[in-house]
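Asks: Mind looking at a prediction? Sequence and model below.
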Amino acid sequence: MVLLTVGSLYKEAYGVAIMDEITGQTGRNVNISAVHAVLQRLEKKGLVKSSMGGATNERGGRRKRYFTLTQAGKASLDQSMALRSQLYQSIPNLGFNFSSI
Amino acid sequence: MNKTPPRWADKFLSWYCNPRLLEEIQGDAYELYERRCEEKGKTVADRSFVWEVLRFLRWSNIKRSNSKYQLNNYPMFKNYLKVGVRNMSKNMVASSINVFGLALAVGVAITVFIFIDYQYSVDSFHNNYDNIYEVINHVKEDDQVQKWGDSPMLLGPEMLSNHSEVKRIARIEYQRGNIRYGDNVFNELIVFTDPDFMRIFDYPILYGNKSVLDNKQQLIISYEYAVKYFGDENPMGKEVSIKFSNNEIRTFTVGAVFDEWPKNMSFGFNVMVPISNFFNLKFKDNYNWADYTDATFVELYPERDPLPLESAMQPYAELQNSTNSKWPIERFQLWPLSTLALSNFEIDGSVAEGSHPAGRVALSVIAILLLTLACFNYMNLALASATKRLKEIALRKVFGSARKGIINQFLTENVLLCLFALLIGTLLSYTVLLPGFNSLIPIFIPFAFSSLQTAVIFFVGLLILIGLASGAYPAFYISKFEPVRIFTGKQKFGHRSIFSKIMLTFQFIIAFTTVIGSFVFTDNALYLKEKDWGYDQANVLSIPIGDSKLFAGLRDKALQNKEIKSIAGAKYHIARANKMTTIERLESQFTVMSYDVGFNYLETMNIRLLEGRFFEQSKPSDLTHSMVVSQDLVKKLEIDDPLNGTIKYDSINYRIIGVVDDFYYNDFFSDRHPVFFRMSKEEDFGYLALKCTPGNLKEVDEYMKAAWLELAPNDPYNGKYQNDVFQRFYSDNESNIIIISFISVFAIILASIGLFGLLSLNTAKRMKEFSIRKALGADQLSIIKLANKDYMWVIFISFFVGAPIGYLLIMQVINAIYTEPQGSGWTPFILALLIMLTTIVLTVSGQVLKASRANPAENLRVE
């Protein structure tokens, strides 16, 4: 989910923005610390990379860390997408045929 | 924008957070905070900020020290260890001296700690430990308030019925009696107690149960006594008879047996019988508030404060005082069991055995001094040996080691060495010191700690303390040097270091303090060993006779023996049975010791007459109205003409017929009261005293024993040489001398080790100087002088500082222990100085001779 959001936000992906995006898109309330934890894990796995942005007057002068998808990240998104759609494809044959059960 | 999140939460975040993550986390948190401030107000925002900060507190976000160097640390420590071990093995002598000295001090410290820890945990095996109190009386005696373990006989039951916080009580009443089982008869201390004694206290019980004393016919005996009386037989249900001091014989069944006594027990009784028997035996027809019992224990319900109860007990004191008791009670105090043994010295007639705190304090001070001494040694040697490693340090620095790294290196080495010393010290304490110590004291202390927690805290604390104390200075000092200065040889260090000299001085001050202290103490102890008792106690034998009818028979037997020069009977006997009482003169009361004696007793005991005469058979008035008093009494009563003076005792006026020299009826730990003698009738005699011709005491003892067996086969013979009556005191004294001499030997060894190490390094460094001097014509003597000069000053300064400190400290201890301390002469000081000087000269001369004898050419050659 976070990985997707990082991808979708493209160049504007940093902690709070990702959180907002998730909340906005899914309606789920996410804690900022959870987002950070996931981002750290993803970065360790090499699925995202990060760079510090320029200092602004907002945020008490603290810089933002922007996350972008790496090739591996993109690949893993593709892969999980493929997996999902493959699974999804196999649903109609069985899933909606309640009467047969 | 002017709104800021709670400062403390923000600070907390920056404190725990990994600095690499801090910026983004803080940034995000601020951004959210600002947004919430606008949307929902400051309070909500503040609250969620705090929540956020707490949520960020995750393992991955927490700052870890040196995380930058994480990869590098482990091999570096390995390197430190390796270099440390190599260094140690390179200076084998110096490091083994180091470790040995430290181990010695640690061993002493561990032993002392176990000793003190043991004393503080004594009696803690009773489950109700915290709720048990002994009733202590504050008794007014000669305008002084004394604390007594004895309390009114009737107090215990009264308290139980009148005060709701009292759960149980138990009285302790001592009586002597002859216990017989089959052919075994022994005179034993028999304790009458309330049945609840067993429930208040939790002594381990081998056979039977806690209700044993509920049955009037039953008694409980200790494991040791069960073996003594019944050997291999099962003691349960056996019948024993006890003959009490009023000649009544009662039969009891063994209803329970205590298990072997716990090691940390301050009191336990070998034979206990229900107290109802005591009243049945009718030692007295009626007991009122004036009668005392030996102890009263009270168990309160948990969590009750004893203080209100103490004040509620005041009416009992008044009740007791209204009986015109000789010992008016000022107030009662409930003394907790936890400190009972520790305060044994304060309480007269306490049931709990314990040592004097002066001993504990002195031992801990000594242990700390020795540890300090060893740490200083270590510090000095470490500093000196570090001079050899300056280049290593410089090299490390050049290769990029930070100062912190070097500090770490030295501390690691130190802690390693200390660990080593700790191990050896523990071993030393376990195998030598504690067993040795145990053999010198009357109790046995196991090598154990009161709890695992105590042990861990002690050992870790000790390790950190000595590791840091001895290693910190070299580590922090040396790591400061600049490599360039070291390489160019400009770094002057350790050469004539003031610091190490101050340390050495300090060390010797401690050594002198200890040595002088122990010498003065030993001097005093030796003096006490030889101290005059005030009468000639040699060649006197005393035998307690349970039954005064025995006296005539024994006397007749004794008369037949030519080696017996003089025979006398007495109701009380000096040192074995002293009676404390009060006398009156001119309306004021005085506490005295009294002895009711027969004719010839004073002559037999070799009491020294100063004025007047002893009792004479030809004067019948002596039997009823005469007293012989001690010089102390004359002084205390301020009688100008003693031989015409009178004293009122038991409402009879006695005339003083003689004044005798003061003598010691108790050992030298206890206060001495004035003494009077009066005559006793033969039917009251309790003791037989004999004076023999010199050297025949043993023969006479055996002769009397044979006579005894003939006359009284049912009672145990208990003859004792007068010389042995203070045996306990003398063996204590002997132990003190041994312990304290050992300690002073340790102190000397430690100080010499320090001197030796320092000197060997310094002489090695000055070898070139000495060689040049020699080459230019200096003779051996002047070189020896030169090498010694620095240290002699150190020693003299330390002597003049250390000696008075040691003297003052030990006099405090002596004053606390003995009632009549003896000031010390010059001998201990001169002896201490001589011994220290000899040790120092021996230590120094080995090194200096090496220097002065060496061939200059060899030292000056540079390859």
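Replies: Okay, I see it.
Asks: Just want the residue of chain A that's nearest chain B.
Replies: As assessed by C-beta to the nearest C-beta, chain B sits closest to A:Arg62 within chain A, at 3.1 Å. Quick note: C-beta positions are derived from backbone N, CA and C, even for glycine.
Asks: hang on, that residue packs against B:Leu21?
Replies: No - using C-beta atoms under 8 Å, A:Arg62 makes no contact with B:Leu21, being 11.6 Å away.
Asks: quick one: which of these two has more around it?
Replies: Taking other C-beta atoms under 10 Å in any protein chain shown, A:Arg62 and B:Leu21 do not tie; A:Arg62 has more neighbours (20 against 17).
Asks: Tell me the confidence at that one?
Replies: We have a pLDDT of 76 for A:Arg62.
Asks: Which residues are in contact with it?
Replies: By C-beta atoms under 8 Å, 6 or more residues apart in numbering or on different chains, the contact set of A:Arg62 is A:55, B:23-24, B:26-27, B:30.
Asks: What pLDDT is listed against the closest residue to it other than its chain neighbours?
Replies: Using C-beta to C-beta, 6 or more residues apart in numbering or on different chains and skipping the chain neighbours, the partner closest in space to A:Arg62 is B:Gly27 (3.1 Å). pLDDT for B:Gly27: 81.
Asks: now what about the helix or strand encompassing B:Gly27, what contacts it?
Replies: If you go by DSSP states H and E, B:Gly27 is part of helix B:19-40. Helix B:19-40 has contacts (C-beta under 8 Å, 6+ apart) with A:14-16, A:32, A:36, A:40, A:52, A:58-60, A:62-65, B:1, B:3, B:5, B:10, B:13-14, B:17, B:44-45, B:48-49, B:52-53, B:56, B:61, B:63.
Asks: Please indicate which of those are buried?
Replies: A:14-16, A:32, A:36, A:40, A:59-60, A:62-65, B:5, B:10, B:13, B:17, B:45, B:48-49, B:52-53, B:56, B:61 (16 or more other C-beta atoms under 10 Å in any protein chain shown).
Asks: And the lengthiest helix in chain A, what's buried?
Replies: If each helix of chain A is counted by residues according to DSSP state H, the longest one is helix A:71-89. Neighbour counts over helix A:71-89 (16+ other C-beta under 10 Å) mark A:73, A:76-77 as buried.
Asks: And for stretch B:302-315?
Replies: Buried positions in stretch B:302-315, judged by neighbour count with 16+ other C-beta under 10 Å: B:304, B:306, B:309-310, B:313.
Asks: Now flag whichever of the residues you listed is closest to B:Lys228.
Replies: Nearest to B:Lys228 among the buried residues of stretch B:302-315 is B:Pro306, at 38.4 Å by C-beta to C-beta.
Asks: Point me to the helix or strand that includes the residue nearest to that closest one when sequence neighbours are not counted.
Replies: Distance criterion C-beta to C-beta, 6+ apart; nearest residue to B:Pro306, sequence neighbours excluded, is B:Leu334 at 4.0 Å. Using DSSP H and E, B:Leu334 sits in strand B:329-336.
Asks: Would you mind measuring from whichever residue of chain B sits closest to chain A to B:Ala45?
Replies: Residue nearest to chain A within chain B (C-beta to the nearest C-beta): B:Gly27, separated by 3.1 Å. Per C-beta to C-beta, to the nearest Å, B:Gly27 is found 16 Å from B:Ala45.
Asks: So which of the buried ones among the contacts of helix B:19-40 belong to strands?
Replies: The strands, defined by DSSP state E, take in A:Arg65 from the buried ones among the contacts of helix B:19-40.
Asks: by contact count, what packs against the helix or strand that contains B:Val515?
Replies: Per DSSP H and E, B:Val515 falls inside helix B:498-530. Judged by 3 or more C-beta pairs under 8 Å, 6 or more residues apart in numbering or on different chains; DSSP states H and E, the packing partners of helix B:498-530 are helix B:357-387, helix B:727-775, helix B:780-817, helix B:827-853.
Asks: Please identify the most buried of the ones you listed.
Replies: Most buried of the helices and strands packed on helix B:498-530 by mean neighbour count (mean count of other C-beta atoms under 10 Å in any protein chain shown) is helix B:357-387; its value is a mean of 22.
Asks: by contact count, what packs against it?
Replies: Using 3+ C-beta pairs under 8 Å, 6+ apart, the elements in contact with helix B:357-387 are helix B:92-120, helix B:403-428, helix B:452-478, helix B:498-530, helix B:727-775, helix B:780-817.
Asks: can you put those in CSV and add mean pLDDT and distance to B:Asn277?
Replies: Output for the helices and strands packed on helix B:357-387, formatted as CSV (pLDDT from 0 to 100; distance: least, C-beta to C-beta, whole Å):
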stretch, mean pLDDT, distance to B:Asn277
helix B:92-120, 83, 35
helix B:403-428, 83, 51
helix B:452-478, 81, 43
helix B:498-530, 79, 42
helix B:727-775, 78, 30
helix B:780-817, 79, 40
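Asks: Which among those helices is found nearest to B:Thr372?
Replies: Nearest to B:Thr372, of all the helices and strands packed on helix B:357-387, is helix B:498-530, at 6.3 Å by C-beta to C-beta.
Asks: and B:Gln144, bridged to which residues?
Replies: For B:Gln144, the beta-bridge partners under DSSP bridges are B:Glu141.
Asks: Ramachandran angles for the residue of chain A closest to chain B?
Replies: phi -80, psi 140 (degrees, to the nearest 10).
Asks: B:Met767 versus that one, what's the distance?
Replies: Applying C-beta to C-beta, the value for A:Arg62 to B:Met767 is 64 Å.
Asks: tell me which element the residue lying closest to B:Trp148 once chain neighbours are set aside falls in.
Replies: If the residues on either side of it in the chain are set aside, B:Trp148 comes closest to B:Asn137, at 4.2 Å by C-beta to C-beta, 6+ apart. Using DSSP H and E, B:Asn137 sits within strand B:132-141.
Asks: what's the answer for B:Val191, then?
Replies: strand B:184-193.
Asks: What pairs with that strand, parallel or antiparallel?
Replies: Assessed with DSSP bridges, strand B:184-193 is paired to strand B:166-181 (antiparallel), strand B:271-274 (parallel).
Asks: residues from chain B in reach of chain A?
Replies: Contact residues, chain B versus chain A (C-beta under 8 Å from any C-beta of the partner chain): B:21, B:23-32, B:34, B:52, B:55-56, B:58, B:60-61.
Asks: Buried members of the residues you listed into ChimeraX, please.
Replies: Only the buried entries of these go into this ChimeraX selection, using 16+ other C-beta under 10 Å:
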select /B:21,23,24,25,26,27,28,29,30,31,32,34,52,55,56,61
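Asks: Now do the contacts for residue 49.
Replies: No chain specified, so I'll use chain A. Counting by C-beta under 8 Å, 6+ apart, A:Lys49 touches A:43, A:67-68, A:70.
Asks: um, chain B though
Replies: Shown in contact with B:Phe49 (C-beta under 8 Å, 6+ apart): B:5-6, B:9, B:29, B:32-33, B:36.
Asks: Mind doing that once more with 6 Å?
Replies: By C-beta atoms under 6 Å, 6 or more residues apart in numbering or on different chains, the contact set of B:Phe49 is B:5, B:9, B:33.
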